[in-house]
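# Whatever this is, show me its structure:
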Amino acid sequence: MACKMELLLKRTYYPEGTNGILTVNDVRVCHTIELPWKNNRRIVSCIPEGVYALKKRFSRKFSWHIELLDVPDRELILIHPANYALKELKGCIAPVFKLSGAGVGFQSRAAFGKLRESIYRELELNRRVDLIVES
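Numbering: from 1, shown residues only. Here you go, the predicted model:
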C-alpha cells in the first residue's frame, strides 16, 4: 500500500448526541452525527476517540457501506446513512450535510454517497484509508 488517505472527524459532545465535522486534507466533506459519549457502552455510546482503518462492507440492511476496524470492545461499527442518532444508530457514524441539533441532521444519504465514493476510490487503488476521531 503506497499511499494512504486520512479523514479527520472533529467531535463536539452533547448529552443528547455527538456532532462532528469530517474533513479530508483540511477540506470539509460533511458533518456527522453519533450517539452521546457513554463510556463506549455497546448500543448506547459513540466509540472512543482514536485512529481506525476503514474498509468496504456489504449487508442487506445497508447495502454497500463502510466499516471501522479494531474499535476497542466493539464490533460492526459502521459509517452509514441516518438522520437521528438516538433512533437510528447503535454506535455507528452517520454523515449528514446539515445539522439540526445534537445528534440530528439532514441529507444523510447524499452525504454518505459523496463520502463513500471518495473512500471506495482509494480502497480500490489498494490505498489505506484511516479515520482519525478527536475532539
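
# Just want the most central residue of this protein.
Central residue check for the chain by Cα atoms, centre = their mean: the C-alpha nearest the mean position is that of residue 93, 3.5 Å away.

# Wait, that residue touches residue 30, no?
No. The pair residue 93 and residue 30 does not pass the contact test of Cβ atoms under 8 Å, sitting 10.7 Å apart. (Glycine included, C-beta is placed from N, CA and C.)

# what bridges to the residue nearest to the centre of the chain?
When bridges are assigned using DSSP bridges, the partners listed for residue 93 are residue 79.

# pLDDT at it, what is it?
Note on residue 93: pLDDT of 98.

# cool, and residue 1?
Residue-level confidence at residue 1 comes out at 44, pLDDT.

# for residue 61, same thing?
pLDDT at residue 61 comes out at 83.

# Repeat that for residue 56.
Looking at residue 56, its pLDDT reads 96.

# Now find how far off-centre the one helix or strand it maps to is within its chain.
When secondary structure is defined using DSSP states H and E, the element that contains residue 56 is strand 50-59. Here the centre of strand 50-59 is set off from its chain's centre by 9 Å, with Cα atoms, centre = their mean, to the nearest Å.

# hmm, who's touching that strand?
Under the contact criterion Cβ atoms under 8 Å, 6 or more residues apart in numbering, strand 50-59 has outside partners 7, 64-72, 77-79, 119-120, 123, 128-133.

# For this protein, which segments count as strands?
Counting by DSSP state E, residue ranges of the strands within the chain are 4-14, 17-24, 27-34, 50-59, 63-68, 77-79, 94-96, 98-101, 104-106, 128-134.

# Kindly compare burial across the ones you listed and name the winner.
Neighbour counts (mean count of other Cβ atoms under 10 Å) averaged over each of the strands of the chain peak at strand 94-96, with a mean of 27.

# Each with direction, which strands does it pair with?
Taking DSSP bridges as the criterion, strand 94-96 forms sheet pairs with strand 27-34 (antiparallel).
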